[in-house]
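Asks: Quick one, fold the following:
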Amino acid sequence: MTTDTGRTEPSDPSEGRGSWGPFYAQDFATAPYRPPSSRRSGNGRRGRPRKPLVMVAAVVAAVLVAVAAVTVSGGRNAPATGFTPTGKSAGRDAGQITTAFLAAWESGNLRQAARYTDHPSAAGSALLAYRDHLHLKTLTGATAGAAPVSGSATPRERVTFTVNARVSAAAGAKTLAGSWRYHSSLVAYQQRDSKVWYIAWAPDVLAPGLTVTTHLATVAVPPQTVSVTDSSGNNLTSYGDAGLTTIAGVLRKQGPPPGQGRPGLSVELQTTGGATVPGSQAAVTAPGNLPSVATTISARAEAAARRAAAEHKNTSIVAIQPSTGKVLAIANNDGYNDFALTAAVAPGSTGKIISATALLAGHVLTPDSDVSCPETYTVQGITYHNDHNEIEPASTSLTTDFARSCNNAFDQWWPHLADGQLAITARKYYGLNEPWDLGLGQSATYYRTPPDASGSEVAMEAFGDGAISASPLAIASVSATVDTGVFKQPILVPSARQITATPLPASTDAGLKQMMRAVVATGTAAGLGFGPGVYAKTGTADINGQEQPNSWFTAFDPGKDVAVACLVLNAGYGAQYAAPEAQAFLSHY
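Replies: Below is the predicted model of the structure:
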């Protein structure tokens, strides 16, 4: 078929390489130029005047020169597309056009490389995409051999070749580079009734697996963490704890801490939308993975926590080092749950530590202030009862009310805790109601106090009920803050960034210690075996629709530099379930 340019298309370019059809139609105009054959008689001179012999000789000489020029690649009379080889066999001719194609590709002359194919437009676009998406620096190629393709009326060879591409990709402020070496192949064929050869274009000529809807791209491969351990080098998953296993998985996925490990470089196939084609990745340079990342988990503390948690099902325990905020232990005895970090339930009377902080820091009360604890107290039509209808006279000190965990000694102060004062206190001194990143690369809030609570809701929150939600991690942190007087955000990775909070006023901190010590000495935790250096608070939170209340307990021991919180779901009083478990932890730590 002759186009309007007078050029003819390559004959049967699809043999052994796909189908010929509309896909190639747009490039007919770039097919090699062949002059139309003139009508001649036997001697080719009919109807023409005779010319002098000298002129005929000159014309013959010119034709011979022209023919010689066409047989040399790159000559002035070389075909517009395709290639005229000079080999002695089809295999050599195919090797020559392949070598010419690779040489043009190597030199960056992508237009010329594309014109060696029978589809220059598509080939040119693919070569540009290859260069740009791989951030190509250099490329070298070499033919490796040719073999005939059967079933073709004209010479046709499949040529294999190797490519060594120097590719790169950005990785933050750095540029990664490496050599990607691979094998590919193409089909070269001789056009019918011509000496011109073509490369049958298909996307996978440039690299195996390429299609018209995919492209190659370089990607930086972040370094991985091979294993996650406790502070002694024990694999975190070896404990079989749901929380620790989750933490190990998150840290492995997150990769090494900043400045550790080295990113690698890969080449992959991507769709037109930039999505990775599964299974197409080829490593160029391997990432420098980190053998292990150590967490703050202490083997000794973890063993003690797991032993204590084994006493009751639905138990979760967290231990923290108050001086640093390091999480020393996480133990869950609640199946595959991780309530040590994820529980969001009312803290019960352990929340009175924050209520007391607001009242002491606000100069509303002192630990020795007389505070009655009536049997009932009504706010906005809602009446609150003490457990077991407990009553404390007006001459009772706040410390005693706290130690005996009398609810109505706290809810009556709701006007002083309104206007978000509980939420403000929790955030200001304890870093609560704020997102913490424990070093897992994601922030979470482990304690929530509604900032807009009013009336009876504030009264409930004053004794740790209502809309407040807490986790053992948060409650352990509250005890740790009272221990040192300064909030140290809990962390699981030593390099984690910690948010800060305002130190507790010295008098407030001293008052809280006085009250928490009374819990162990004369209050709800008396007689449970806690030593003379332990400060604590029990908690019991009734939950609507739940058969038993949630049992809470938190304590700190300055001599051991440890704070602990224990939650036993659907169990009973804090002094009956959570407190003995916390005591077991402290006695074995």
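Asks: only C-alpha atoms for contact and neighbour calcs from this point on.
Replies: OK.
Asks: Remind me which helix or strand I354 belongs to.
Replies: Under the criterion of DSSP states H and E, I354 resides in helix 352-361.
Asks: could you give the mean pLDDT of the next helix or strand after that helix?
Replies: Next helix or strand after helix 352-361 toward the C-terminus (DSSP H and E): strand 376-379. The average pLDDT within strand 376-379 is 94.
Asks: Buried residues in whichever helix or strand comes after strand 376-379, which are they?
Replies: Following strand 376-379 in sequence order, the next helix or strand is strand 382-385 (DSSP H and E). Under the neighbour-count criterion of 16 or more other C-alpha atoms under 10 Å, strand 382-385 has Y384, H385 buried.
Asks: From the chain's centroid, how far away is strand 382-385?
Replies: How far strand 382-385 lies from its chain's middle: 49 Å, per C-alpha atoms, centre = their mean, to the nearest Å.
Asks: Send over the helix or strand that comes right after that strand as CSV, restricted to the C-alpha atoms.
Replies: Using DSSP H and E, the next helix or strand after strand 382-385 towards the C-terminus is helix 398-403. Written as CSV, here are the backbone C-alpha positions of helix 398-403 (Å, rounded to 0.1, in the frame of the first residue of the first chain):
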residue,chain,number,x,y,z
LEU,A,398,-9.9,14.9,102.1
THR,A,399,-7.0,12.5,102.5
THR,A,400,-9.3,10.0,104.4
ASP,A,401,-12.1,10.4,101.8
PHE,A,402,-9.6,9.7,99.0
ALA,A,403,-8.1,6.7,100.9
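Asks: Mind checking the pLDDT average for the helix or strand following helix 398-403?
Replies: Downstream of helix 398-403, the next assigned helix or strand under DSSP H and E is helix 408-411. If you average the pLDDT over helix 408-411, you get 96.
Asks: what helices or strands is helix 408-411 leaning on?
Replies: Helix 408-411 sits against strand 376-379, helix 456-462, with contacts defined as 3 or more C-alpha pairs under 8 Å, 6 or more residues apart in numbering; DSSP states H and E.
Asks: Which of those sits closest to V327?
Replies: Across these, V327 has its closest neighbour in helix 456-462 (27.2 Å, C-alpha to C-alpha).
Asks: Run through the neighbouring helices and strands of that closest one.
Replies: If you count contacts as 3+ C-alpha pairs under 8 Å, 6+ apart, helix 456-462 packs onto helix 408-411, helix 414-417.
Asks: So which residues make contact with the first one?
Replies: Think helix 408-411. Outside of helix 408-411, the residues within contact range by C-alpha atoms under 8 Å, 6 or more residues apart in numbering are 352, 355, 371-377, 384-386, 398, 401, 458-463.
Asks: Show me the shaky parts of the chain.
Replies: Applying pLDDT under 70 to the chain picks out residues 1-78.
Asks: Any idea which residue is closest to the centre of it?
Replies: Note on the chain: the residue nearest the mean C-alpha position is Q254, at 5.6 Å, using C-alpha atoms, centre = their mean.
Asks: That one contacts G441, doesn't it?
Replies: Yes - shown here, Q254 and G441 form a contact pair, counting by C-alpha atoms under 8 Å, at 7.0 Å.
Asks: which residues in the stretch 401-550 of the chain form strands?
Replies: Taking DSSP state E, counting those that start in this stretch, the strands of the stretch 401-550 of the chain run over residues 436-437, 443-444, 447-448, 469-470, 535-541, 550-557.
Asks: Give me the helices and strands touching the first one, please.
Replies: Spelled out, that is strand 436-437. With contacts defined as 3+ C-alpha pairs under 8 Å, 6+ apart, strand 436-437 has these neighbours: strand 443-444.
Asks: List the residues that contact V327.
Replies: V327 touches T296, I297, V318, A319, I320, Q321, P490, I491, L492, counting by C-alpha under 8 Å, 6+ apart.
Asks: Now tabulate the helices and strands packed on helix 408-411 in CSV and tack on mean neighbour count and distance to L422.
Replies: Formatted as CSV, the helices and strands packed on helix 408-411 follow (neighbours: other C-alpha atoms under 10 Å; distance: least, C-alpha to C-alpha, whole Å):
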stretch, mean neighbour count, distance to L422
strand 376-379, 16, 17
helix 456-462, 27, 8
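Asks: Pop the domain breakdown of this structure in here.
Replies: What automatic domain parsing lists as the domains of the chain is 22-34+51-212, 225-294, 299-588.
Asks: Save those as TSV, and put in distance to T218 too.
Replies: Output for these, formatted as TSV (distance: least, C-alpha to C-alpha, whole Å):
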stretch	distance to T218
domain 22-34+51-212	5
domain 225-294	4
domain 299-588	26
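Asks: Okay, helices next: where are they in the stretch 51-200 of the chain?
Replies: All helices of the stretch 51-200 of the chain, identified by DSSP state H, counting those that start in this stretch, fall at 53-70, 90-107, 110-115, 120-133.
Asks: Determine the number of other residues adjacent to G531.
Replies: Using other C-alpha atoms under 10 Å, G531 has 14 neighbouring residues.
Asks: same deal with G243?
Replies: Using other C-alpha under 10 Å, G243 has 22 other residues around it.
Asks: what's the closest non-adjacent residue to it?
Replies: Leaving aside its sequence neighbours, G243 sits nearest to D338 (C-alpha to C-alpha, 6 or more residues apart in numbering; 4.7 Å).
Asks: For that neighbour, give its distance to Y447.
Replies: Distance, D338 to Y447, using C-alpha to C-alpha, to the nearest Å: 16 Å.
Asks: do S355 as well
Replies: Computed as C-alpha to C-alpha, the S355 to Y447 distance reads 14 Å.
Asks: separation between the closest residue to V564 other than its chain neighbours and S405?
Replies: Counting by C-alpha to C-alpha, 6+ apart, the nearest residue to V564 once its immediate chain neighbours are dropped is A319, at 4.3 Å. Separation of A319 from S405 (C-alpha to C-alpha) stands at 23 Å.
Asks: mind listing what the residue nearest to the centre of the chain touches?
Replies: Q224, T225, L440, G441.
Asks: count of residues packed around the third one?
Replies: Residues near L440, counting by other C-alpha under 10 Å, number 21.
Asks: Grab the nearest non-local neighbour of A555.
Replies: Closest to A555 by C-alpha to C-alpha, 6+ apart is A536, at 4.0 Å.
Asks: So what's the residue count around that neighbour?
Replies: For A536, the number of neighbouring residues by other C-alpha under 10 Å comes to 30.
Asks: can you pull the contacts of I247?
Replies: I247 is in contact with L440, counting by C-alpha under 8 Å, 6+ apart.
Asks: what about it, helix or strand, and which?
Replies: Going by DSSP H and E, I247 is in helix 242-254.
Asks: And the next helix or strand past that helix?
Replies: Moving toward the C-terminus from helix 242-254, the next helix or strand (DSSP H and E) is strand 264-271.
Asks: okay but R181 is in contact with V167, surely?
Replies: No - applying C-alpha under 8 Å, one finds R181 not in contact with V167, separated by 10.3 Å.
Asks: These two: which has the busier surroundings?
Replies: Between R181 and V167, counting by other C-alpha under 10 Å, V167 is the more crowded of the two (25 against 14).
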